[in-house]
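**Q** got a predicted structure here, sequence first:
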Amino acid sequence: MTIAEEALKALTGWGSHPVFVELTPNKAPIHFGAEEFRARIEETTRLLRDLGIKERYLVTLFLGNSIDFVSIFLSLIILGAIPIALKMDYRKIELDEIFANAEPQAIIAEQSHLPVIFPYLPGRLVIARSGGQLLLQQSPAVQLPPAGIPEEIASINYTYRGYGFPLGVMIPHAQYLMGARVLQAGLKGSTGESMLVILPMPHIFTLISCLLVPLLFGMTSVIARTVHPRLLFEYIHSYHIDYITSIPEMYELLYKFRKQESGLDSLKAFVCGGSRLSESSYEKIRSSFGIDLLHGYGLTEFTPVSRNIRGSARSGTIGPLCSGVCCRIASPDNRGAGEILLSTPHMARAYYRRPRETAHVYTDGWFKTGDIGRLQNDHLVFIKEKKNTRKINGNIADLDEVRNAILMYNGTADVEVSYRDNALSAQVGFNQENDFEKEVKELRNFLKGIIALYKIPKYISRKD
């Protein structure tokens, strides 16, 4: 079954509790029950068909967190189209590569975001979201042919492997559904409980753990359109939040402001992924909130690979392997550490229109993660990244892509990009001996227009 069919099936006999609650600061909350959400999906599906979305169309999404994001995503799948949910942080370098690779037939975007993606609109069907409505912005003069995507593919999600450009992972419905089932097996959530959604929805981690898990297993997704700690604590208290799924950096932020808050007794577990969680952070967060802290590991190509299980979580590990996942450590050293290799019938098998990169990472039925780890009893331990990428607040930064962006700046002679103190660092050599501080300021302003802000190095020094 497709994820849309499974979602609609789950809405049958849902109960009286909401499917979604959407919270926006200074606005009234939006509640959707099961019948209301089913009607929204049916309405959105009809509208998108009438506006020109066709089967096997690739549709890029530039949408903020909302109930509409979910209904649009599922409606596209019902129509047989392929959603490509993209970060609204992306700028010229990322967008040039993605649009050249995917050649999408259609774009659905927030009205306010259209100026950012203006160069990519010509020749495509463009639908804008404004005030909760979907409006036709333009129809292509020539009808574009559909893409040759296999029916088992649910979406294309872009990620990085250290090649210097993004890769479109062709994710099957089976990965979404298996991922949701094994995450629920670790979480052990119950019908009527609630999960706070903080992470941006285009992330595969968010799509599976924050949206599919609650939707398929009868829990309410409370969508927070802010990461302000005061408001998040208010939401936890007011909506009796049972679970939060987020990245370690967010839990560190909540821990920092924890002593100022009360009324958090509803919390049962934090689901954690996206970047490394140290043992010291694990212990202080878990003990401070008095909850289970379930750290796990996954990639866009397959999420989740492993996860800690509620009631038996261990610090310093990313949990036991999920059901149906085989793992081996390539060329282990004397500590048993080496590259993590994976195999599962449910994982993605190819990058869209990237045969060379596909062949490089998928070998003899095994997927090379590009991450170093080891097995400790029955748990997997993450050590570091082997591939030329690093995590910035849960986001992947490709070091070669950042280096290439800096080299595009006029007057740059040489660049080295590295990672230290949980941030990117760049050593830059300029062609001329200008005022270095002024040059760095102008370089930062230049980079803001061509790459996502989180990829701009925090530290920039002179290269000798």
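**A** Okay, I see it.
**Q** drop to CA atoms for contacts and neighbour counts, all remaining ones
**A** Noted.
**Q** which residues does residue 461 contact?
**A** Neighbour list for residue 461: 426-428 [criterion: CA atoms under 8 Å, 6 or more residues apart in numbering].
**Q** again, only using 10 Å
**A** Applying CA atoms under 10 Å, 6 or more residues apart in numbering to residue 461 gives the contacts 425-429, 436-437, 440.
**Q** please check those residues and keep the buried ones.
**A** Buried residues within those, counting neighbours by 16 or more other CA atoms under 10 Å: 425-429, 440.
**Q** now render these as JSON lines, adding pLDDT, distance to residue 254 and secondary structure.
**A** Listed next are the buried ones among the contacts of residue 461 as JSON lines, based on pLDDT from 0 to 100; distance: CA to CA, whole Å; DSSP: H, G, I helix; E, B strand; the rest coil:
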{"residue": "425", "pLDDT": "97", "distance to residue 254": "27", "secondary structure": "strand"}
{"residue": "426", "pLDDT": "97", "distance to residue 254": "30", "secondary structure": "strand"}
{"residue": "427", "pLDDT": "96", "distance to residue 254": "33", "secondary structure": "strand"}
{"residue": "428", "pLDDT": "95", "distance to residue 254": "36", "secondary structure": "strand"}
{"residue": "429", "pLDDT": "93", "distance to residue 254": "39", "secondary structure": "strand"}
{"residue": "440", "pLDDT": "94", "distance to residue 254": "33", "secondary structure": "helix"}
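**Q** quick one on the thing from earlier: same list, the contacts of residue 461, but as TSV with distance to residue 454 please.
**A** Below are those laid out as TSV (distance: CA to CA, whole Å):
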residue	distance to residue 454
425	12
426	14
427	17
428	18
429	22
436	22
437	21
440	17
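**Q** how many neighbours does residue 380 have?
**A** Here the number of neighbours of residue 380 (other CA atoms under 10 Å) works out to 24.
**Q** about what we covered before: of all the contacts of residue 461, which comes closest to residue 397?
**A** Of all the contacts of residue 461, residue 425 has the smallest distance to residue 397: 11.7 Å, by CA to CA.
**Q** so who does the most centrally placed residue in the chain touch?
**A** With distances taken as CA atoms, centre = their mean, the chain has residue 203 as the residue nearest its mean C-alpha position (1.3 Å). Applying CA under 10 Å, 6+ apart to residue 203 gives the contacts 85-87, 157-159, 274, 300, 394-395.
**Q** out of these, which are inside strands?
**A** With strands taken from DSSP state E, the overlap with these comprises 85, 157-159, 395.
**Q** ok, so of those, who is nearest residue 98?
**A** Using CA to CA, the ones in strands among the contacts of residue 203 come closest to residue 98 at residue 158, 7.9 Å.
**Q** what residues does the nearest residue to that closest one once chain neighbours are set aside make contact with?
**A** Excluding the flanking residues, the one nearest residue 158 by CA to CA, 6 or more residues apart in numbering is residue 168, at 4.3 Å. Under the criterion of CA under 10 Å, 6+ apart, the neighbours of residue 168 are 84, 98, 101-102, 155-160, 300-301, 350-354.
**Q** can you rerun that using 8 Å?
**A** Applying CA under 8 Å, 6+ apart, one finds that residue 168 lies in contact with 98, 102, 156-159, 351-352.
**Q** helix/strand/coil for it?
**A** Three-state call for residue 168 (DSSP: H, G, I helix; E, B strand; the rest coil): strand.
**Q** next: residue 316.
**A** Under three-state DSSP, the three-state class of residue 316 is coil.
**Q** list the contacts of it.
**A** 277-279, 282, 381.
**Q** domain-wise, how is this protein divided?
**A** Domain ranges of the chain: 3-172, 173-341+349-386, 390-462, per automatic domain parsing.
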